[in-house]
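[1] sequence first, then the predicted structure, then my questions.
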Amino acid sequence: MSNTSSYSRDYVFSTAIRVFHWLRALSIVMLVITGFYISWPFLVAYGGTDNLMQGWVRFAHLVFGFILVAITLARAYLFFFSKSDIERRSFKDLISPRMWIKVLKAYAYISKKEQTGVYNPLQFVTYFMLTMVIIVMCVTGLALHAHVYHEGMGGMLYPFAEWVVVAFGGLAPVREVHHFLTWVFVIFVVVHVYMAIFSGVRFRHNAVDSIVSGYDYHKLKKEK
Ligand code: HEM
C-alpha cells in the first residue's frame, strides 16, 4: 500500500477558540473536583477551626466558576459574530435531513462523511445541549454565590438570584440541580475524548491536534 494521497491543510480553529477550549476544559475539570469536594469534604476532620481547607477549595471553585461564566459569554459572542463563519455554517447541516442520514451512515461505517461547517449535526446537537447545561450550572452557581455573599458582585446578582430560587422552588433544589448536573460533565469528558480520538481514526483527519494547532487535514485524492 503506497501513501500517495494529497491532503489540504485547512485552518479551522482560531486562536481565541483554541484558548477558550482549553481554558474551559481546565475550568470544568477543576469545578468538578472542587464541587464534589465541597459536597463531601473528606480531607479534614470535623471539629477544628484552624484549618481553612474547605474555604480554599470553595475559593478555587468560585474562581473557576467565574472563568467559566466569562468564557461562556465570550464563546456565545464568537459563535454569532466571529469573522470566520465555520461554526455558523454547521447550522445548515443541522436542518438538513439528508445530512443527518449521511452522518449516521458515516458513523456506522456505511458511507463517507460529508459536512459543510466544522461540526456535523450530531456534534452540533451535543455541543448545543452541553452549552445549555453549562448555562444552567452558571445560573445556579451564581444564585448559590449570591446567597452567601451579599455585597459586591453577589449583591448585584441578588435580585436575579432571588428569581432563580423562586423558579427552582427553593434554594435546596437549586443546589441539588447544581450537584446532579455535575455528572453530565463527568460523562461528557469521557465520551468527548473517546469520540475525538475515534473521529481522527475513523475519518482520517487531524481531530485532536486541530484544537491545539488550529489546522485540520482533508484528503484530496483517493488513496491507492
Ligand atoms: C461545570 C460547572 C460546575 C460544576 C461541575 C460545579 C459543581 C459543583 C458541585 C458538585 C457543588 C456542590 C453542591 C453540593 O453542595 O452538593 C457546587 C457548589 C457550588 N458551586 Fe458549582 N459547579 C460548576 C459551576 C459553578 C459556577 C459557574 C459557579 C458560580 C460562579 C458555581 C458556584 C458554586 C457555589 C457558590 C457552590 C456552593 C458552595 C457552598 O455551598 O459552599 N459553580 N458546584
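    Perfect, I can see it now.
[2] what's the lengthiest helix in the chain packed up against?
    Longest helix of the chain, by residue count under DSSP state H: helix 53-81. Packing partners of helix 53-81 (3 or more CB pairs under 8 Å, 6 or more residues apart in numbering; DSSP states H and E): helix 15-39, helix 121-146. The way it works is simple: take the backbone N, C-alpha and C, and place the C-beta from them, glycine included.
[3] tell me which of those helices is the most buried.
    Greatest average neighbour count among the helices and strands packed on helix 53-81 goes to helix 121-146 (a mean of 17), per mean count of other CB atoms under 10 Å.
[4] report the distance from that one to the chain centre.
    8 Å (CA atoms, centre = their mean, to the nearest Å).
[5] the helix or strand following it near the ligand anywhere?
    Heading C-terminal from helix 121-146, the first helix or strand you meet, by DSSP states H and E, is helix 152-168. No: applying CB under 6 Å from any ligand atom, one finds helix 152-168 separated from the ligand by no less than 9.1 Å.
[6] which residues are contacting stretch 94-107?
    Here stretch 94-107 makes contact (CB atoms under 8 Å, 6 or more residues apart in numbering) with 92-93, 111-116, 120-122, 124-125, 202-203.
[7] determine which two of those are furthest apart.
    92 and 202 (22.6 Å; CB to CB).
[8] low pLDDT regions in this structure?
    Along the chain, the parts satisfying pLDDT under 70 run over 1-5, 46-48, 221-224.
[9] what does it have sitting close to the ligand?
    For the chain, the contact set with the ligand under CB under 6 Å from any ligand atom comprises 28, 31-32, 35-36, 38-39, 58, 61-62, 65-66, 68-69, 137-138, 141-142, 144-145, 175, 178-179, 182, 185.
[10] can you rerun that using 8 Å?
    Residues of the chain lying near the ligand by CB under 8 Å from any ligand atom: 27-28, 31-32, 34-36, 38-39, 54, 58, 61-62, 64-66, 68-69, 134, 137-138, 140-142, 144-145, 148, 175-176, 178-179, 181-182, 185.
[11] just to revisit the earlier point, out of the contacts of stretch 94-107, the closest to the ligand would be?
    residue 125 (19.4 Å; CB to the nearest ligand atom).
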